[in-house]
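Novice: I need the structure of the sequence given here:
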Amino acid sequence: MHDITLYGHLTVDRVFENFKENLSLGAIANSWDALTKIDPTLSVKLNPTSIGEAIILVDKDKNFRLGQPQLNVKVNDFLQVENSRWHHIMYLNSLHDASFLSTIKTGIISADITVGEKNKNLEYLKFIDYLFVSDEDLFMDLQELSELVKGWVVLHYPSGSVITDGNTTHKYETNVVDGLNVLGAGDIFASSFIFSSLNTKNSIKDSVKFAHSKTLELLLQKNRRHTNEQ
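Specialist: Purely as a prediction, here's the structure:
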């Protein structure tokens with residue numbers, strides 16, 4: 001049994017910052033990278049639903065990034081679910097086919113969403129224990145969204161998070177660090193939360209606190225590494 005299986009798009013990202021282009025792997029590769037940095041001993045299975053590409057513009061001065069993806073260039077028509085303690089589905093609203101969700105029989109299921117068809121695959125939210133949504137991708141009232149999700153909605157933004165299951169709501173606030181390349185921040189946040197929830201006795205509030213702290217730590221490391229390379 002794997003600790004974590006990541007489902008979703010595997011992309012080649014063309015990242016532009018101040019007119020300089022860099023190539024990197026994105027989507028499920030971002031979460032894999034974060035998880036292996038947090039704990040290299042984790043058994044993390046990559047299970048791509050499709051292969052795609054994206055063009056991404058980054059503005060560190062404004063903590064801003066914007067992308068134009070083509071996520072389903074090549075589709076995996078023979079996807080098999082894995083036996084895992086935790087299943088994380090990335091970019092649920094952009095999957096060409098999310099029906100495999102109904103066949104997952106073991107472990108916890110989480111998902112996130114991204115730019116794209118905001119109302120796509122909403123019927124599969126009833127299988128989701130944790131749904132991660134950034135403030136810029138929130139597409140309906142938070143209370144209404146929580147009623148569609150099996151478990152919790154984790155709404156995250158640079159200065160904190162709101163966590164709700166429709167009945168109970170928790171809020172967490174943190175400081176904003178300016179001048180960061182925040183590309184992949186949402187993927188790192190979800191990965192950090194998953195690690196904390198899966199491998200510790202942390203409460204959901206503690207896992208959110210850990211996720212914000214670890215996301216900042218990994219973003220700072222990535223920004224320092226990028227600066228040194230330049």
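
Novice: Could you check which helix or strand contains the spatially most central residue of the chain?
Specialist: Among the residues of the chain, the one closest to the centroid is D187, at 3.3 Å (CA atoms, centre = their mean). Here D187 sits within helix 185-199, counting by DSSP states H and E.

Novice: contact partners of that helix?
Specialist: For helix 185-199, contacts defined as CB atoms under 8 Å, 6 or more residues apart in numbering pick out 3-4, 27, 30-31, 34-35, 38-39, 42, 85-86, 88, 90, 108, 110, 112, 130, 132, 134, 154, 156, 202, 204, 206-208, 210-215, 218-219. In short, each C-beta sits where N, CA and C put it, glycine included.

Novice: how close does the nearest residue to K205 once chain neighbours are set aside sit to W86?
Specialist: Closest residue in space to K205, ignoring its immediate chain neighbours: H170 at 5.1 Å, by CB to CB, 6 or more residues apart in numbering. Distance, H170 to W86, using CB to CB, to the nearest Å: 21 Å.

Novice: Those two - which one has more neighbours?
Specialist: W86 (22 against 15; other CB atoms under 10 Å).

Novice: from what I can see that one touches I4, true?
Specialist: Yes. Using CB atoms under 8 Å, W86 is in contact with I4, at 4.7 Å.

Novice: quick one: buried residues of the helix or strand hosting the residue nearest to K205?
Specialist: Secondary structure from DSSP H and E places H170 in strand 169-173. Across strand 169-173, burial judged by 16 or more other CB atoms under 10 Å covers Y172.

Novice: which residues touch it?
Specialist: Contacts for strand 169-173 (CB under 8 Å, 6+ apart): 159-164, 204-205, 208-209, 212.

Novice: Check these for burial and list the buried ones.
Specialist: Buried, going by 16+ other CB under 10 Å: 160-164, 204, 208-209, 212, out of the contacts of strand 169-173.

Novice: ok, so of those, who is nearest E123?
Specialist: Nearest to E123, judged by CB to CB, of the buried ones among the contacts of strand 169-173 is T164 at 20.5 Å.

Novice: Counting by contacts, list what the helix or strand encompassing L131 packs against.
Specialist: Secondary structure assigned from DSSP H and E places L131 in strand 130-134. Applying 3 or more CB pairs under 8 Å, 6 or more residues apart in numbering; DSSP states H and E, one finds that strand 130-134 contacts strand 108-112, strand 152-157, helix 185-199.

Novice: quick check: angle from the second one to strand 130-134?
Specialist: Strand 152-157 runs at 20 degrees relative to strand 130-134, counting by axes from the mean of the first three to the mean of the last three CA atoms, to 10 degrees.

Novice: Helices along this structure, start to end?
Specialist: 28-38, 142-148, 185-199, 204-229 (DSSP state H).

Novice: what's the longest one packed up against?
Specialist: It refers to helix 204-229. helix 28-38, strand 152-157, strand 160-164, strand 169-173, helix 185-199.

Novice: hey, which of those is tucked in deepest?
Specialist: Mean neighbour count (mean count of other CB atoms under 10 Å) peaks for helix 185-199 among the helices and strands packed on helix 204-229, with a mean of 24.

Novice: wait, isn't L122 in contact with L148?
Specialist: Yes. L122 is within contact range of L148, at 6.2 Å (criterion: CB under 8 Å).

Novice: hmm, back to that, okay, the angle between the strand holding L131 and helix 204-229?
Specialist: 50 degrees.
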